[in-house]
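Colleague: only geometry, no sequence info:
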């Protein structure tokens, strides 16, 4: 008899979860889950996956109309924040595109550098001009090994990039 009570409790708990068109459980993801979906997506999973992993870990909740409306409001706020952030990134890209930086480097008489100019040097030169970027945002096709003018790509965001003029000039020695 006690075995039948446990079976009924478990069965009744499963019936409360909303079923999808493929007889799985419909859940609303609270957090993004690899190979399943992003935050705010309504997904259909097997009952065991829902009961044993997604719901206890707090990764998902039951997909009620109320929860869906809350997620839509939250998504709208996030989209507004992302638009404002992209506008600021675009302003920064325009600012960088109007600038050029000069980097002094030791070179021989033919214009070949003894070292090379890399992303860190470009970041430092921009920092001196009150522009802050990271070295991984600088897209070099290789280190700059000769004197001259280079056009370097700067990728501030996957959808926002710009170009920066970089002058590599010989270092002024104190012997003159």
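Modeller: Looks like it came in fine. No experiment lies behind these values; they were computed from the predicted model shown.
Colleague: ranges for the strands of the protein?
Modeller: Taking DSSP state E as the criterion, the chain contains strands spanning 25-29, 42-45, 60-62, 100-105, 112-117, 138-139, 144-146, 148-157, 160-170.
Colleague: please identify the most buried of those.
Modeller: Burial of those is given as mean neighbour count (mean count of other CB atoms under 10 Å); strand 25-29 ranks first at a mean of 22. C-betas here are computed from N, CA, C, even on glycine.
Colleague: elements contacting it?
Modeller: Here strand 25-29 is seen to pack against strand 42-45, strand 60-62, helix 65-97 when contacts are counted using 3 or more CB pairs under 8 Å, 6 or more residues apart in numbering; DSSP states H and E.
Colleague: so how far is it from its chain's centroid?
Modeller: The gap between where strand 25-29 is centred and where its chain is centred comes out at 25 Å by CA atoms, centre = their mean, to the nearest Å.
Colleague: list of residues touching it?
Modeller: Contacts made with strand 25-29 from outside it, assessed by CB atoms under 8 Å, 6 or more residues apart in numbering, are listed as 17-20, 36-47, 50, 54-55, 59-64, 67-68, 71.
Colleague: cool, stretch 158-176 as well?
Modeller: Among residues not part of stretch 158-176, those counted as contacts by CB under 8 Å, 6+ apart are 86, 89-90, 93-94, 96-97, 99-107, 111, 113, 117, 122, 125-126, 139, 144, 146-156.
Colleague: again, but for stretch 96-115
Modeller: 117, 121-122, 125-126, 128-129, 131, 133, 144-148, 154, 156, 162-172.
Colleague: recalculate using a threshold of 6 Å.
Modeller: For stretch 96-115, the external contacting residues (CB atoms under 6 Å, 6 or more residues apart in numbering) are 117, 121, 125, 145-147, 154, 162, 164-171.
Colleague: ok, now stretch 40-47?
Modeller: Contact with stretch 40-47 is made by 14, 20, 22, 24-29, 36-37, 63, 71, 75, as judged by CB under 6 Å, 6+ apart.
Colleague: residue 64: neighbour count?
Modeller: Residue 64 has 12 neighbours, counted by other CB atoms under 10 Å.
Colleague: ok, it to residue 139 distance?
Modeller: Here the criterion is CB to CB, to the nearest Å. By it, residue 64 lies 46 Å from residue 139.
Colleague: same thing with residue 168?
Modeller: Shown here: residue 168 relative to residue 139, a distance of 17 Å by CB to CB.
Colleague: next one: the spatially closest residue to residue 148 that is not a sequence neighbour relative to residue 102, how far apart?
Modeller: Closest residue to residue 148 in three dimensions, ignoring its sequence neighbours and counting by CB to CB, 6 or more residues apart in numbering: residue 168, at 6.0 Å. The spacing between residue 168 and residue 102, counted by CB to CB, is 8 Å.
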